[in-house]
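Student: Structure for this input, please:
(3 chains)
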Amino acid sequence: MKAIELVGITKTFGSVHANDDVTLDVEKGEILSLLGENGSGKTTLMNMLAGIYFPDAGHIFIDGKEVLIKSPIDAFKHKIGMVHQHFKLVDLFTAADNIILGEKMPRFSIKEKSQQYKHQAANEISALDANLDEKAKKKAIAKINNKRNLKICALPFIKFVKAVAFNYLPRNRAKKLQKIADQYGFDIDLKKKIYEMSVSEKQTVEIIKVLYRGADKLILDEPTAVLTPQEIQKLFAVMRKMRESGKSIIIITHKLNEVMEISDRVAVLRKGKYIGTVKTSETSEKELTEMMVGAKVDLNIDRQLPVDPQPRLVVEGLTVRNKDGLHAIEDVSFTVNGGEILGIAGISGNGQKELLEGIAGLQHVESGNIIFYNPKENKPVTFFHNDLKQVKKKAEIGMFHYPDGTPVDLKGKSNKEITKLVNDEQILYYENEVIDLKHRTPREIQELGIKLSFVPEDRLNMGLVGNMSIVDNMMLRSYRKGKSVFVNRKRPKALADKIIDDLGVVTPSDMTPVRRLSGGNVQKVLVGREISSSPKVLMSAYPVRGLDVNSSYLIYNLLNEQKARNTAVVYVGEDLDVLIALCDRILVLCGGKVSAIVDARKVTKEQLGLLMTKMPETVERYEYAIPKDTKTETVETNTEAEVKEEESNDKQ
Amino acid sequence: MINNKIHEPLFHLTKRTSVNAKRAWALRCGAFIVSILLCAIITLIIVELNNQRLVSEGKAVDPYSIGQYFDDFFTGAFGTPKVVWGLFHETAILLLVALAVTPCFKMKFWNIGGEGQILMGGLGAAVAIQFMSGKASNASTIIVSIILAIAFGVVWAVIPALFKAKWNTNETLLTLMMNYIAICLVDFFISSVAVRNQTGKLNFLNWPGTVPPIGPADFAGRTYILKIVIVAVITTIIAIYMKYSKHGYEISVVGESPNTAKYVGINTKAVIIRTLVLCGVMCGICGFLLVSATSQTLNTESTVGGRGFVGVLISWLAQFNPIFMVLVSFLVVFIQKGSAGVALWQDGFNATSYSSVMTGIFFFLIIAVEFFVNYKLIFRSDIQAKIDNFNGKIKFAFTKKKNAEGSAILQDTNGEEQVEEAQPQIVEIESPASDETEAKEEE
Amino acid sequence: MFIKLLSDAIGFSAIFLYGSTGETIIEKSGHLNLGIPGIMCFGAVGGCIGADMAYKAGMGAFGTVFFGILFAMLFAGAMGLLYGIFTISLRCNQNVTGLTITTFGAGILNFWGAIVGSIGVFAKPSLYFTTSIFGEVGNDWFSQLFLSYGPLVYLAIIIAIVVSIVFKKSRTGLSLTAVGENPAAADAAGINVIKYKYVSCVLGAAIAGIGGMCYVLDYSAGSLEYIVDQLGWLAVALVIFSLWRPGIGILGSLIFAFLYLLPDQFLPKYVSMNAATSAIIKIIPYAVTALVLIIISFFNKRETQPPTALGVPYFREDR
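Tutor: Modelled structure (predicted):
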């Protein structure tokens, strides 16, 4: 008998098919990996088992019987326990209290018990010695009946006392649980409060919670994403132990090596559809990758060769910690050139968000440099980018000149005079301005000339204000311009109308609150606004998520236009076909580190898939060889040896 | 074996993605009318019971009817020109309070300390009048009392803002506490001055240095007109400030989406403090008007008299829109004054408390109606089909009536209309939700 | 004389204790009910009606007290239910609903009071509330301090202790706290969040309602006075002062009562007091509460914070 069987499960959100006719089964005492790219509907499918969503169509069988799972409580009843990616724990409680939270009292039915006593009494009566005389028999029957009645009368009180006793929380409750935890080999102090715990400890608490509730079907949603390798090994040991005791486990993961290591079978989903299930022993990482990414689709995106790629944004050894204190991005280095689209591939949650936010100044950068080469020519020096000391220093090196071309010599000039010269825009600057973005506020980065445009992953919570009209959302970045007390809605309105026309935003009017637009249209508004500010660097994360094909192409064209304008475009995407067809180079992130920077024109989907899930031994870094004097369009590939050579040169 | 029946809850709630303005206003007007009728019915019952009691005590009572009720009600609200002026004046004061707290609420800063902030403003004005009246020129007294009132109001408003900005102190509870500290401070002032005066109460009636009546002696609104004009000006300013100024824009962004505010580089703390200063200024002005002009006294019971809280309700019910606030505060005062008029003719009725009961009923209905404006009940599909069918029939009947002479094609188009109506609605509701869930999932 | 003041304060503290215990229960479920003053007024009306009816029907001490409490709880509980419907099911703004209930409740008490008369109208039934449950007590300090109160005072302390034990030592309390801290987590753990919210709103309001009655029938011996809503705000303050722990609330209510009575009843006998000094002393409870609020936000210690989801409506579809 199968522990879990899903037949023809379909779930749609609006027009998006999150799951389309998915059929899946899990044996008892088996670990099944659920594999798939982002947005392939794994979590949605599992949420339907856990009672969080209700399927639109399809059937769920648990232990061979069809069941309906309408709420988490139903899921508990069928002994399904899910450990969510986002932990559902009360921070203020100890681990032990979180584990027993919501536990139901063991069933105690007065009706059943009284029936049982009645039967018992009847049996006793029928079992009476037939040889007894009438009087003694009557006496015995009366005695039995009295006893029965007394027992039945006492039942409500017993129930009450039991309820009170159950409701009481003894001081040593953590100790009892600790034993259960120790049995499974969890190394955790259950008296600790959740807010004092690390992520892996929190996860352990979630798993113990599920086990304590008597679940024998466990769903783990990307449990390894937040763990260190040692912690992962511990988790796997626990999982194997659970498998031995006959429990069924579904583990959602992206990491192929883990899939190969832990699971008995692997089920693959792709774009909401069920692709197939294979035995782990009979498959290879390559086959799984192929199942996961599917056949190559020719997207026919018009891609030009990068024109004059000059470094625009140089990131060196960037390290960013996420809010849990873990390294979201570790020692990431790369260069984005003007006139190219650099794709960033990676399983979501591998640091894309932190990387972009770190550059945009929205996340604290722990270490590393973000250097921005601002293409300026013959522009006046400003105190916004330099302080007085820096101006003097740079003038000494001979970086500045006067409008008539003579070099600036500040020796013998008082600070006041220099200040006046700068303010009067008399000191000019030739070369690319070099600005370190690290530790600048988002506003400063923005006011540098809005060179970083950023389409956040979470559109309506970051980037747009849902309750405001399209026009008002247009001026989020620009409303400060000018000295007037009042906002000027003329230009934003013109911009809004232009975007609505150009991108075909479906909206009743430009005064419609953004919240009321459909997801794709919201996306168009956001991307349209970011691009309209004619950025020098455009970073966009998942700009086509939730868009239909036509709108997606519109966005691709917009990005290509930016590329043609010599903008450095960073495109974080999830669809490998798009990445390969749209980008010039692709940076692959794996666990917050760069696993490779590859030439998008040469790479295959399978290669990308492998790089996303597994850190290679040597990191390939594909860079353009920038010709120093001529502006030819040749693009050369640096071999690894050359890269290493360069690195060693750098060290010297 | 396969169970084809879909088990869903009987109905579930969805937030309306598009609010139909016409429907919303129809609902709100309906709530107002229902609340007036409900007040009438409740009053009739109470009066009947009260009359029975009075008769049993041997007192003579007049018969009472619903006509009499509305007669009293409208006399109370619009009886004489002076009453009408009073009505507008009270509307203006409530409106000012509501305006003062509106920017805070728009920013999701739950300032329920309007009461205390106004009282402090009043205290500032009273201090100036108490110590300057007669000693300095009237003009300078008035100016100093305005400045002091505003300063006191601002201080009282900014303190919670500072703590909110600095340590994220719960502003609802802190402003609530500050209300009572303000009351005690005013008590302290009154009693320390009152000892000197040997009267126990403050009375600035027609003192030099208070705001004098304006206009000829036979003009009914001579004590009211100035304040109405001031509030009208402030209303315009705030309406413009909220809608067209950069500050107003920042307030909306901070309130609607703190994350976006951070993303575009708005200094949230500065916005909070700045907004509360504005609120304090308006509360100070309000306190000044109440003490120096309206009541020409200062006490803790009736000078502000709960207006700080009512203002909060008005601001929220008008959805922070200054123009709607004019309407809502007018309706509230209309019910208050009307009810006071009704209570006047009933033995044993306390006018203030009776009108606050009636206002309470009005508020309850309006609050409840907001739910139906913003949420939609979605019934289980089979029930929904029945409802749709029923609505369709009603609609059909109506359109049929309207186009009595219409052509025969109408029937067909009606059928199509129904379908069209049902489809886009569902799409509208579903799509944003799905995006959110997706986004969450992917994080 | 100090004993007299202390015993007065203990008698008076029951009012705050009912209010704050009730409000604590409500706030634990994540609802900030600013309607507590109004609900206490409602409790006062209900309690007076119930006690008066029972007294007129010739019931003895027990019947009168019982029906008083029952009606106070019913009236106040009905308002709690109304608040619950508005804020839980209809998802209205909690502050707005609460303030409306306060306006409404205070209005009802005053309106009803004006009709039935004020001074000593319920003096006779109130006798059952004011006389000590231990009968005649001696004049020694022990009897005065511990035995001299009517039933409502003891009931208040018992309720506070029971609630405090339930919060600390029972699964019910644990679940309730979870609902107020993280409703989504509670929901995922199989707790019926909506049920918990409703029960706590109604129960909390009912308990607070007894406080209103306690003021009229016990402290002011059956005279209707209209400061019930003022005391209600102090009760709301007390919740913060006691850091959402009814156990501390017992002590806190005593301090509040002591400070409330100090300027008017105690000090004048010893020092020449004027109204100004008394007004200054009256600031203390509020000022201390505000200070507590600021201090807990400054130290930002998790255990002393208001319930995390306080004032945030829970909407399962938001998951």
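
Student: which residue of chain A sits farthest from its center?
Tutor: In chain A, counting by CA atoms, centre = their mean, A:Asp133 sits farthest out from the average C-alpha position, at 81.9 Å.

Student: Would you quantify the distance from that one to B:Leu185?
Tutor: Separation of A:Asp133 from B:Leu185 (CB to CB, to the nearest Å): 94 Å. In this view, the C-beta of every residue, glycine as well, is placed from N, C-alpha and C.

Student: Model confidence for the residue farthest from the centre of chain A, exactly?
Tutor: pLDDT, A:Asp133: 80.

Student: Chain C contacts on the stretch 151-300 of chain B?
Tutor: B:163, B:167-170, B:172-174, B:176-181, B:184-185, B:187-188, B:190-192, B:194-195, B:200 (CB under 8 Å from any CB of the partner chain).

Student: re earlier: and the gap between the residue farthest from the centre of chain A and chain B?
Tutor: Distance, A:Asp133 to chain B, by CB to the nearest CB, to the nearest Å: 58 Å.

Student: Return the set of buried residues in the helix ranked longest in chain A.
Tutor: Ordering each helix of chain A by length in residues (DSSP state H) puts helix A:134-167 first. Within helix A:134-167, the residues that qualify as buried by neighbour count (16 or more other CB atoms under 10 Å in any protein chain shown) are A:Ile144, A:Arg148, A:Lys151, A:Ile152, A:Leu155, A:Asn167.

Student: before we move on, back to that, any quick ChimeraX command for the buried ones out of the residues of the stretch 151-300 of chain B next to chain C?
Tutor: If you want just the buried ones from these in ChimeraX, going by 16+ other CB under 10 Å, the selection is:
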select /B:163,169,170,172,173,174,176,177,178,179,180,181,184,185,187,188,190,191,194
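
Student: and the residues of the stretch 151-300 of chain B next to chain C, which of them are in helices?
Tutor: Using DSSP H, those in helices are B:163, B:167, B:172-174, B:176-181, B:184-185, B:187-188, B:190-192, B:194-195.

Student: which residues does A:Ile427 contact?
Tutor: A:Pro380, A:Val381, A:Val391, A:Ala395, A:Phe400, A:His401, A:Tyr402, A:Val408, A:Leu421 (CB atoms under 8 Å, 6 or more residues apart in numbering or on different chains).

Student: Could you report the pLDDT at the residue of the stretch 101-250 of chain C found nearest chain A?
Tutor: Across the stretch 101-250 of chain C, the shortest distance to chain A (CB to the nearest CB) belongs to C:Ala189, at 3.3 Å. pLDDT recorded at C:Ala189 is 83.

Student: Give me the number of neighbouring residues for it.
Tutor: 25 (other CB atoms under 10 Å in any protein chain shown).

Student: what stretches of chain B score poorly on pLDDT?
Tutor: Low-confidence segments of chain B (pLDDT under 70): B:1-19, B:194-200, B:378-384, B:398-443.

Student: Sketch out the strands for it, chain order is fine.
Tutor: Along chain B, counting by DSSP state E, strands occupy B:11-15, B:375-379.

Student: which regions of the stretch 1-150 of chain A sit below the pLDDT cut-off?
Tutor: In the stretch 1-150 of chain A, residues with pLDDT under 70: A:14-16, A:38-39.

Student: so what's the residue of it found nearest chain B bridging to?
Tutor: Per CB to the nearest CB, A:Phe13 is where the stretch 1-150 of chain A lies closest to chain B, at 2.6 Å. Here A:Phe13 sits in beta bridges with A:Val16, going by DSSP bridges.

Student: For the stretch 151-300 of chain C, just list every one of the helices.
Tutor: Using DSSP state H, counting those that start in this stretch, the helices found in the stretch 151-300 of chain C span residues C:151-169, C:171-181, C:183-188, C:193-213, C:228-241, C:246-261, C:275-299.

Student: Present those helices as TSV; the columns should include mean neighbour count and distance to B:Leu290.
Tutor: Shown next, in TSV, are those (neighbours: other CB atoms under 10 Å in any protein chain shown; distance: least, CB to CB, whole Å):
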stretch	mean neighbour count	distance to B:Leu290
helix C:151-169	19	39
helix C:171-181	23	39
helix C:183-188	24	42
helix C:193-213	26	30
helix C:228-241	26	20
helix C:246-261	22	28
helix C:275-299	19	20
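
Student: For A:Lys605, which of those is the nearest?
Tutor: Nearest to A:Lys605 among the helices of the stretch 151-300 of chain C is helix C:183-188; the distance by CB to CB comes to 37.0 Å.

Student: which non-adjacent residue is nearest residue 4?
Tutor: No chain was given, so I picked chain A. Once flanking residues are discounted, A:Ile4 sits nearest to A:Val26: 4.4 Å by CB to CB, 6 or more residues apart in numbering or on different chains.

Student: Oops, wrong one, chain C.
Tutor: C:Gln144 is the one closest to C:Lys4 (CB to CB, 6+ apart), at 7.2 Å.

Student: Am I right that that neighbour is in contact with C:Asp8?
Tutor: No. C:Gln144 lies out of contact with C:Asp8 (CB atoms under 8 Å); the separation is 10.0 Å.

Student: can you tell me which residues contact the residue nearest to C:Lys4?
Tutor: By CB under 8 Å, 6+ apart, the neighbours of C:Gln144 are C:Ile3, C:Lys4, C:Ser7, C:Val137, C:Gly138.

Student: Most neighbours among these, which one?
Tutor: C:Ser7 (19 neighbours).

Student: so how far is chain A from it?
Tutor: Distance from C:Ser7 to chain A, by CB to the nearest CB: 35 Å.

Student: Just the pLDDT for that residue.
Tutor: 86.

Student: for it, what are its contacts?
Tutor: Contacts of C:Ser7 by CB under 8 Å, 6+ apart are C:Gln144, C:Leu145, C:Ser148, C:Tyr149.

Student: tally of neighbours for the third one?
Tutor: Think C:Ser148. C:Ser148: 23 surrounding residues under other CB under 10 Å.

Student: quick one: it and C:Ser132 touch, right?
Tutor: Yes. The criterion here is CB under 8 Å, and C:Ser148 meets it with C:Ser132 at 5.1 Å.

Student: For the closest residue to chain A within the stretch 201-319 of chain C, give its distance to B:Val47.
Tutor: Chain A sits closest to C:Arg302 of the stretch 201-319 of chain C, with a gap of 5.6 Å, by CB to the nearest CB. Between C:Arg302 and B:Val47 the distance is 55 Å, computed by CB to CB.

Student: Tell me which of these two has more neighbours.
Tutor: Neighbours of C:Arg302 and B:Val47, each counted by other CB under 10 Å, are more numerous for B:Val47; the result is 23 against 13.

Student: How about that one, nearest residue that isn't a chain neighbour?
Tutor: Counting by CB to CB, 6+ apart, the residue nearest B:Val47 is B:Tyr64, at 4.9 Å.

Student: Enumerate every residue touching that neighbour.
Tutor: Counted by CB under 8 Å, 6+ apart, B:Tyr64 has contacts B:Leu44, B:Val47, B:Glu48, B:Asn51.

Student: Could you confirm A:Asp308 falls within a strand?
Tutor: No. With DSSP: H, G, I helix; E, B strand; the rest coil as the criterion, A:Asp308 is assigned coil and is not in a strand.

Student: what about it, distance to A:Tyr624?
Tutor: For A:Asp308, the distance to A:Tyr624 - CB to CB - is 10 Å.

Student: between those two, which one's more packed in?
Tutor: Remark: of A:Asp308 and A:Tyr624, A:Tyr624 carries more neighbours, 20 against 14, as counted by other CB under 10 Å.

Student: show me what contacts residue 31?
Tutor: Just going to use chain A. Here A:Ile31 is in contact with A:Met239, A:Arg243, A:Ser248, A:Ile249, A:Ile250, A:Ile251, A:Ile262, A:Ser263, A:Asp264 (CB under 8 Å, 6+ apart).

Student: ah, I was thinking of chain B
Tutor: Counted by CB under 8 Å, 6+ apart, B:Ala31 has contacts B:Leu365, B:Ile366, B:Ala368, B:Val369.
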